[in-house]
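J.: return a 3D structure for these sequence lines:
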Amino acid sequence: MVEFLALAVLLLVPLLYLVITLGRVQAATMAVDGSARTAARVYVLGRDEERARRQAEATVALALRDHGFRPAPAALTVDCSTRPCPAPGAVVRVSVELDVLLPGVPAALDRVVPLHVTVRARQVAVVDDLRGVPDRGGS
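T.: The predicted model follows:
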């Protein structure tokens, strides 16, 4: 009986940790993917580069918070094919990166020995060609 309990603990504890870790990484993957997609959409709809950047950062922060992550360690990178951006026909590439600390690992230990998983997502969006055309009204 004691051997069975010892064996069960030795097998179940690592298995439980693995399930928790995989769940955390999967949640991060979904958060980063959704935030990159939404940030690209928001960026191409922005009126100027500064406002579009602020709105994209806000959407990334919101998506990460919705999935239980702090937005501070996330990195948002926006690359545009034209300047100024967003301009009609411009290709906007958005990348979001998040370091996911393994469950139960202190952050101080992660600085000494990397004990995190980096999750990245990229999204490409094109600014509408008719973006700068004034609305004539009527159809």
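J.: pLDDT wise, what is residue 71 at?
T.: pLDDT for residue 71: 80.
J.: that one should be in a helix, yeah?
T.: No - assessed with DSSP: H, G, I helix; E, B strand; the rest coil, residue 71 is coil; it does not lie in a helix.
J.: any idea how far the closest residue to it other than its chain neighbours is from residue 126?
T.: Nearest residue to residue 71 in three dimensions, chain neighbours excluded: residue 61, at 3.7 Å (Cβ to Cβ, 6 or more residues apart in numbering). (Each C-beta comes from the backbone N, C-alpha and C, glycine too.) Separation of residue 61 from residue 126 (Cβ to Cβ, to the nearest Å): 24 Å.
J.: residue 30: helix or strand, and which one exactly?
T.: helix 2-45 (DSSP states H and E).
J.: residue 44: neighbour count?
T.: 21 (other Cβ atoms under 10 Å).
J.: over to the one 10 residues further on?
T.: Burial measure for residue 54: 12 neighbouring residues, criterion other Cβ under 10 Å.
J.: is it in a helix, a strand, or coil?
T.: helix.
J.: who's in contact with stretch 8-24?
T.: 100, 102, 103, 104 (Cβ atoms under 8 Å, 6 or more residues apart in numbering).
J.: hmm, which of those residues are the buried ones?
T.: Burial by neighbour count, 16 or more other Cβ atoms under 10 Å: within the contacts of stretch 8-24 this picks out 100, 102.
J.: which of the contacts of stretch 8-24 lies closest to residue 25?
T.: Residue 25 has its nearest neighbour among the contacts of stretch 8-24 in residue 100, at 5.8 Å by Cβ to Cβ.
J.: give the contact list for that closest one.
T.: Contacts of residue 100 by Cβ under 8 Å, 6+ apart are 24, 25, 28, 69, 116, 117, 118, 119.
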